[in-house]
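Asker: Predicted model follows, preceded by the sequence.
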Amino acid sequence: MCYAGKCCYFMKVETGSMIFAVINMIINSILVIGIIAGLVWYDIHYYQALHPTDYKLVNNVYQQTDEANKLYEQAIYVNIILGVSLMLSLIYFAFSVLLLNGLIKTKSGQVKAYFIFGVIMNVLNYVLIIFVPAVITVSVPYTLLLVMIYMTYTKMEANKHCATVLHDRSVLVSA
């Protein structure tokens, strides 16, 4: 995918990483908004199911406490799953913002932080493949994107090193 500082042989790795960072941030923000909307929607419908306004329904609900308890347990599980999903999505969103900021301001430390986070998440995805084989459709392309981000990081580090060497030479020449 990446060779000699180029991504797909025609684009700089910095440009490819920037495109990935923007798309990643957009997808993560849509995911966060969707999970929040799903959480609110589910809790509203759960509240309406437990607190009906029709008096005939109220008497009927109190007679069927077993169904209400099952609904309550189901609501707890759904809220836990959506809450954990929201937290993971917020973490992904924060790291995608960190990657975009690092690429815009050429801060190699932030790009490296995203790379390390991506490697850890990708290792967890590969462990998850044991239970859900369909995860491989996401993990393999993400691995290639992480290679591109690593190449961007190494290129930033090399440019940082070259800039300090050039700066030192200018000091020596002027002295």
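Answerer: Arrived safely.
Asker: Okay, strands next: where are they in the protein?
Answerer: 2-3, 6-7, 11-12 (DSSP state E).
Asker: rank those strands by mean pLDDT and give me the bottom one.
Answerer: Mean pLDDT is lowest for strand 2-3 among these, at a mean of 46.
Asker: got the contact list for the residue at minimal distance from the centre of the chain?
Answerer: The central residue of the chain, meaning the one whose C-alpha is nearest the mean C-alpha position (C-alpha atoms, centre = their mean), is residue 92 at 2.5 Å. By C-beta atoms under 8 Å, 6 or more residues apart in numbering, the contact set of residue 92 is 28, 31, 121. For every residue, glycine as well, the C-beta is placed using N, CA and C.
Asker: Tell me where the model's unsure across the protein.
Answerer: For the chain, residues meeting the criterion pLDDT under 70 lie at 1-9, 48-68, 161, 163-175.
Asker: mind listing the helices for this protein?
Answerer: In chain order, the chain shows helices spanning 13-50, 55-63, 65-104, 108-128, 136-174, with DSSP state H as the criterion.
Asker: got CSV for the contacts of residue 92, with neighbour count too?
Answerer: Formatted as CSV, the contacts of residue 92 follow (neighbours: other C-beta atoms under 10 Å):
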residue, neighbour count
28, 19
31, 17
121, 17
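Asker: Can you add distance to residue 144 and give these back as TSV?
Answerer: Written out in TSV, the entries for those read as follows (distance: C-beta to C-beta, whole Å):
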residue	distance to residue 144
28	19
31	21
121	15
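Asker: quick one: which of those residues is nearest to residue 148?
Answerer: Distances from residue 148 to the contacts of residue 92, taken as C-beta to C-beta, are shortest for residue 121 (15.9 Å).
Asker: show me the contacts for the closest one.
Answerer: When contacts are counted by C-beta under 8 Å, 6+ apart, residue 121 touches residue 92.
Asker: Same check on residue 107?
Answerer: By C-beta under 8 Å, 6+ apart, the residues touching residue 107 are residue 101.
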